[in-house]
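In: what's the 3D shape of this:
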Amino acid sequence: MIGRWQAESALEAASRALQEAQRQLSAAQRALAAPDEEGQAIIPIPAGCTMRQAQRLLVQHAIVQEGAKARAARKLGISRRSVYYLLRCRSGEGEP
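Out: Numbers count the residues shown, from 1 in each chain. From the prediction side, this is the model:
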């Protein structure tokens, strides 16, 4: 049986690990949104990607840059409903 001190210690260690993982994820997201030398964002879109998949990648990138779906929609000139729809599409074939 685990003592209270051991449980609290394990919980604190897990909390620190989670915070570190979140920090690394934020850094990776910022790196993806980093502009090139000309100030243009580089968004990798895999070869063979459908148009819907490419749209979804662009929406995801805009959300990372803007920090919110509503601001990303405004930046892209589309409705929030379109943002949510594109994020729900699984295979990029149009059906959520």
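
In: Distance of Leu87 relative to Gln55?
Out: From Leu87 across to Gln55, the span is 10 Å (CB to CB, to the nearest Å). For every residue, glycine as well, the C-beta is placed using N, CA and C.

In: quick one, helices of the chain?
Out: 4-32, 51-66, 69-76, 80-88 (DSSP state H).

In: Would you mark the buried spots in the last one?
Out: Buried residues in helix 80-88, defined by neighbour count with 16 or more other CB atoms under 10 Å: Val83, Tyr85, Leu86.

In: Put the alpha carbons of that helix into CSV.
Out: This file holds the C-alpha atoms of helix 80-88, laid out as CSV (Å, rounded to 0.1, in the frame of the first residue of the first chain):
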residue,chain,number,x,y,z
ARG,A,80,-16.4,30.1,-37.2
ARG,A,81,-18.8,27.5,-38.4
SER,A,82,-16.4,26.7,-41.3
VAL,A,83,-13.5,26.5,-38.9
TYR,A,84,-15.3,24.0,-36.7
TYR,A,85,-16.5,22.0,-39.8
LEU,A,86,-13.0,21.7,-41.2
LEU,A,87,-11.6,20.6,-37.8
ARG,A,88,-14.3,17.9,-37.6
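
In: how is the chain carved up into domains?
Out: For the chain, the structural domains run 1-36, 44-96, going by automatic domain parsing.

In: Using CSV, lay out those domains together with mean pLDDT.
Out: Formatted as CSV, the domains of the chain follow (pLDDT from 0 to 100):
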stretch, mean pLDDT
domain 1-36, 74
domain 44-96, 82
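
In: winner for burial among the ones you listed?
Out: Most buried of these, by mean neighbour count (mean count of other CB atoms under 10 Å): domain 44-96, with a mean of 14.

In: Quick one: end-to-end length of stretch 58-73, please.
Out: 11 Å (CA to CA, to the nearest Å).
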